[in-house]
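> predicted model, plus sequence, below.
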Amino acid sequence: KGILVPVSLIKEKQYLIIDGYRRVGLARKFGFNCVPAYIYSEKELPDIFISTVHINLTQQDLSPVEKLMVCWMARQNFSTKIYQTALDYLQLSFIPGSADLEHFVCKSPEWLRNYLHRAGFSMKQLNRLIHYSLSDYYSWYTAADSLNLNGSELLKALEEVMDISLRDNISPENIAEILDIGRLVAGQLSSHQKSNRFKKRIEILRYPILNQINQKIVEYLKNFSDEFREIFRVDWDRSLEEPGISFQFRIKDAEDIQKNNNMLMKPEIQQQIMNLMNVIKNIPEQ
């Protein structure tokens, strides 16, 4: 059927969408070449704009990105009074640095704005994101878009990449090349597998000693007998902030309690457990 409710436009040097940004985005997605629209004059625009903001707030939840786009539009096209009214309606008057957020979002390319909107970035997350410029972290933003990372996942990745960059005196883009992020994203793995490998590659480069110790623990566990590993699942804090190990096992009947206890009481098993504890305890500083 197409779009039933026309979008609202004003024509300056080009057409500016006042209402209907989501509808236009969906129309593009499904291959529509044109959409119905109301085109307003500059004289009508202030009243139409504020009315549109009010209607959108009452009929649907605007994302933080959409709210910032509305404020940017008001700042660029209307009086200070209209801009302040938009800020008040959108409850952005008391957001520190909202003008910087408006600039960051609205000066970003459309694909990035769409990603930030789709992924549901909060105002706090956007406020942290402005410290990572697109020019310096382009490969990381495009990877996050392709992998559909949420705000927390992208920020964690960017923080770790910045740490690596400062530690090793290497640019974020060179780090992306070293980790072969482009090939990973373009590969044939599932999105879930790509996302996990993306995070793991960054983690290994950020915490090389930590990952070496974790790998050493995994290798040491192979010294335990097959019988032990069939019964017990050994776990530990992968961040190694909490020393110690835990054992999990399933009990089907009363005999399993005695059987598992006897297994743990074997001198060779106890010695292996103590050796494993020493591996975890003797952690060098990162």
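Received the coordinates, thanks.
> helices of the stretch 1-150 of the chain, start to end?
For the stretch 1-150 of the chain, applying DSSP state H, counting those that start in this stretch gives helices covering 21-29, 45-59, 64-77, 80-89, 98-106, 110-118, 123-129, 138-147.
> grab the nearest non-local neighbour of residue 223.
residue 272 (6.1 Å; CB to CB, 6 or more residues apart in numbering). No exception for glycine: its C-beta is placed from N, CA and C like everyone else's.
> can you report how many residues lie near that neighbour?
Residue 272: 17 surrounding residues under other CB atoms under 10 Å.
> quick check: it touching residue 224?
Yes: assessed by CB atoms under 8 Å, residue 272 is found in contact with residue 224 at 5.9 Å.
> top helix in this structure by residue count?
helix 151-168 (DSSP state H).
> chain center to that helix: distance?
Centroid displacement of helix 151-168 relative to its chain, using CA atoms, centre = their mean, to the nearest Å, is 12 Å.
> same check on stretch 137-146?
Chain-centre distance of stretch 137-146: 10 Å, with CA atoms, centre = their mean.
> please point out which parts of that stretch sit buried.
Residues of stretch 137-146 classed as buried by neighbour count (16 or more other CB atoms under 10 Å): 137, 139, 140, 141, 142, 143, 144, 145, 146.
> show me which of the residues you listed is closest to residue 246.
Nearest to residue 246 out of these is residue 144 (CB to CB; 33.7 Å).
> list the contacts of that closest one.
Residues in contact with residue 144 (CB atoms under 8 Å, 6 or more residues apart in numbering) are 115, 119, 153, 154, 157.
> for the second one, phi and psi?
Summarising the backbone geometry of residue 119 under the convention degrees, to the nearest 10, its torsions are phi -80, psi -10.
> so it sits right up against residue 147, yeah?
No: at 10.3 Å, residue 119 does not count as touching residue 147 under the criterion of CB under 8 Å.
> where are the low-confidence patches of the chain?
Within the chain, the ranges that satisfy pLDDT under 70 run 1-5, 8-16, 18-22, 38, 40-60, 282-286.
> may I ask which helix or strand encompasses the residue nearest to residue 157 when sequence neighbours are not counted?
Among residues not flanking residue 157 along the chain, residue 202 sits closest, at 5.6 Å (CB to CB, 6+ apart). Assessed by DSSP states H and E, residue 202 sits inside helix 191-206.
> list of residues touching that helix?
Applying CB under 8 Å, 6+ apart, the contact partners of helix 191-206 are 143, 147-149, 153, 156-157, 160-161, 163-164, 175, 178-181, 184-185, 187, 189, 211.
> apply 7 Å and report the result again.
143, 147-149, 157, 160-161, 163-164, 179, 181, 184-185, 187, 211 (CB atoms under 7 Å, 6 or more residues apart in numbering).
> one more: stretch 101-109?
Under CB under 7 Å, 6+ apart, the answer for stretch 101-109 is 65, 68, 69, 71, 72, 75, 113, 116, 126, 127, 130, 134.
> return the member of the residues you listed nearest to residue 37.
Closest to residue 37, out of all of the contacts of stretch 101-109 and judged by CB to CB, is residue 69, at 18.0 Å.
> picking up where we left off before, what subset of the contacts of helix 191-206 is buried?
Using 16+ other CB under 10 Å as the burial test, the contacts of helix 191-206 include 143, 147, 149, 157, 160, 161, 164, 179, 181, 184, 185 as buried.
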